[in-house]
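In: from the sequence below, what's the structure:
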Amino acid sequence: MESQVTNNANALRLFFTEDVFLVEDKSVNIASVAPAGTILPGLSDEAVEVKTVLSTDKVEEVVHENASPKLENSIKEAEMHAITNEPVLPKTFRFLGGNKKAVLILVNDTANDVSTEQGRELLRKIVKAIDLATPDFALLNYANYQNVDFVELHQFFKPAVMLAFGVGAEHLKLNLSWTGELIFHETTKMIFAPNLHALDGDLSAKKSLWGNLQKLK
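Out: Predicted coordinates:
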């Protein structure tokens, strides 16, 4: 079937027989459109020129690289501000136990996961003395997390009780002085003692520890 569409001038005259007049209406203001790539008056010389690129299926806006050094510096500063203000994620730790009773036990042994056989046996007696089982506490070897402070540990473990063996208040960046007595720091009860292996052979230190452990009950 032949197409019914035509743009032949002679054929169109058969349908449009009346004269058509174009009259200028000065009451209508038609805003002019600036050519692509033009920076409009009133903008500062720091304005970024935007060119419109037409393709067969989309329109893309391309930022022309004619920004002034001052504007480029402002952009870089904004990017750095975004980077430096990214939220810092809390540290994570690998530990033994379940921490159900929020009891954090710190050991400090570079050669063993926990301590020597003597030190491990002493630790079993200690947790038994305060009625703790493995699911109740979190046991962390501080030797694997040097320079971690108490704030980071508290953020992760939220300890109500902390027993530190071979880890001093200075390691945890605490402004505290251990005098052999139970310490209350914020919401945490703290006991500091020598490394488990050394503690096993130190009768005086063990006696002091047992006295403080009784205060936890």
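
In: tally of neighbours for the closest residue to Asn141 other than its chain neighbours?
Out: Nearest non-adjacent residue to Asn141, counting by Cβ to Cβ, 6 or more residues apart in numbering: Val107, 5.4 Å away. Placement of C-beta: from N, CA and C, glycine included. Counted with other Cβ atoms under 10 Å, the neighbours of Val107 add up to 25.

In: confirm Leu104 sits in a strand?
Out: Yes. Under DSSP: H, G, I helix; E, B strand; the rest coil, Leu104 falls within a strand.

In: pairing partners for it in the sheet, please.
Out: When bridges are called by DSSP bridges, Leu104 pairs up with Ala138, Met162.

In: that one touches Glu152, doesn't it?
Out: No. In this structure Leu104 lies outside contact range of Glu152 using Cβ atoms under 8 Å: 11.9 Å.

In: more neighbours: which of these two?
Out: Legend: neighbour count by other Cβ under 10 Å for Leu104 and Glu152, higher for Leu104 (26 against 16).

In: quick one: strands adjacent to the host helix or strand of Met190?
Out: Assigned by DSSP states H and E, Met190 belongs to strand 188-193. Strand pairing for strand 188-193, determined by DSSP bridges: strand 161-165 (parallel), strand 183-185 (antiparallel).

In: what's the least confident stretch among those strands?
Out: Least confidently modelled of the strands paired with strand 188-193 is strand 183-185, at a mean of 95 by mean pLDDT.

In: where do the helices sit along this structure?
Out: 9-13, 69-84, 117-129, 150-157, 196-200, 203-214 (DSSP state H).

In: which of those comes out lowest on mean pLDDT?
Out: Note on the helices of the chain: lowest mean pLDDT is at helix 9-13, with a mean of 55.

In: quickly list the domain ranges of the chain.
Out: 48-86, 96-214 (automatic domain parsing).

In: distance of Leu216 from Val148?
Out: Leu216 sits 24 Å away from Val148, going by Cβ to Cβ, to the nearest Å.

In: more crowded one of the two?
Out: Neighbour count, other Cβ under 10 Å: between Leu216 and Val148, Val148 has more, with 19 against 16.

In: OK, contacts around the nearest residue to His171 once chain neighbours are set aside?
Out: Leaving aside its sequence neighbours, His171 sits nearest to Tyr142 (Cβ to Cβ, 6+ apart; 7.0 Å). Tyr142 is in contact with Leu106, Val107, Asn108, Val148, Ala164, Gly166, Val167, His171, counting by Cβ atoms under 8 Å, 6 or more residues apart in numbering.

In: and the pLDDT for Tyr142?
Out: The predicted local confidence for Tyr142 is 97.

In: which of the strands paired with strand 188-193 is buried the deepest?
Out: Mean neighbour count, computed with mean count of other Cβ atoms under 10 Å, is highest for strand 161-165 among the strands paired with strand 188-193, reaching a mean of 23.

In: could you check the angle helix 117-129 makes with that one?
Out: When axes from the mean of the first three to the mean of the last three Cα atoms, to 10 degrees is applied, the directions of strand 161-165 and helix 117-129 differ by 160 degrees.

In: please renumber the chain so that the first residue is 98 from this point on.
Out: Yes, from this point I'll number from 98; that puts the last item at strand 258-262.
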